[in-house]
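**Student:** all I have is the shape, not the residue letters:
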């Protein structure tokens, strides 16, 4: 049996969170011991497996700010993950063999303080590619964080990415890292699909009688470019006749967190 700890910045509802939850459940089914350490876990906004006792979750450092006057969000994400990692290494008292770090690599050097531990880092996408640098101060700020991101990512024993496309972006972005990441596709828990196989559209509050339904499933954030779905739908409707238009619908859905101003703006 291997003792595995997942270190995660915010164990809410999203694709990254679903991935680590499913990975943890898969490890448990194989007989391994699994725990989560996170900087935020709201029982009212999380996946049920993290609150119903299936997975043990320890929340540390949620008193730390997420931003300063709406700025420095990346900096505080680094600080929160470092705080969680220091607690795990120095004060938790638990034994573990492997640490699975998700999203934020800045904590990896601190996890290295415990010798003999293997560290896996899951890189969904280089953070430095998800922001703009319009001002001089922002360029300086991001240069520091970008350098830290690359240096700390290189300290993981194994780096995983979610696709071959992300692997290529990873190699183009982190040029000083000579080793290539491994691709681990997000898993699917088919038991959950079986539970809801009998549901209809009306069961999820969609009263649609359509032969063709397009689904856009993303968080309400600028980088997800949800407007592309609307633009594509407009192009399609322009070439359909009236009867065909009546049989086509676009459903836009996705993760929403009222603590995130960007979600509020785009919903």
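**Tutor:** Looks like it arrived, so ask away. It should be emphasised that the depicted structure is a prediction, and the values quoted were computed from it without experimental measurement.

**Student:** low-confidence stretches in this protein?
**Tutor:** 259, 267 (pLDDT under 70).

**Student:** phi first, then psi, for residue 35.
**Tutor:** Note on residue 35: backbone dihedrals following degrees, to the nearest 10 are phi -140, psi 160.

**Student:** which ones are touching it?
**Tutor:** Taking C-beta atoms under 8 Å, 6 or more residues apart in numbering, we find residue 35 in contact with 4-6, 55-58, 94, 96. All C-beta spots, glycine's among them, are computed from the backbone N, C-alpha and C.

**Student:** neighbour count added to those, as JSON lines?
**Tutor:** Below are those laid out as JSON lines (neighbours: other C-beta atoms under 10 Å):
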{"residue": "4", "neighbour count": "21"}
{"residue": "5", "neighbour count": "25"}
{"residue": "6", "neighbour count": "24"}
{"residue": "55", "neighbour count": "20"}
{"residue": "56", "neighbour count": "14"}
{"residue": "57", "neighbour count": "19"}
{"residue": "58", "neighbour count": "15"}
{"residue": "94", "neighbour count": "13"}
{"residue": "96", "neighbour count": "20"}
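
**Student:** and which of the residues you listed is nearest residue 113?
**Tutor:** residue 96 (13.0 Å; C-beta to C-beta).

**Student:** out of the contacts of residue 35, flag the one nearest to residue 33.
**Tutor:** Relative to residue 33, the closest of the contacts of residue 35 is residue 4; by C-beta to C-beta it sits at 6.8 Å.

**Student:** how near is the closest residue to residue 142 other than its chain neighbours to residue 33?
**Tutor:** Leaving aside its chain neighbours, residue 142 sits nearest to residue 133 (5.4 Å; criterion: C-beta to C-beta, 6 or more residues apart in numbering). With distances taken as C-beta to C-beta, to the nearest Å, residue 133 is found 43 Å from residue 33.

**Student:** same thing with residue 109?
**Tutor:** Using C-beta to C-beta, one gets 25 Å for the distance from residue 109 to residue 33.

**Student:** same thing with residue 169?
**Tutor:** For residue 169 relative to residue 33 (C-beta to C-beta), the value is 34 Å.
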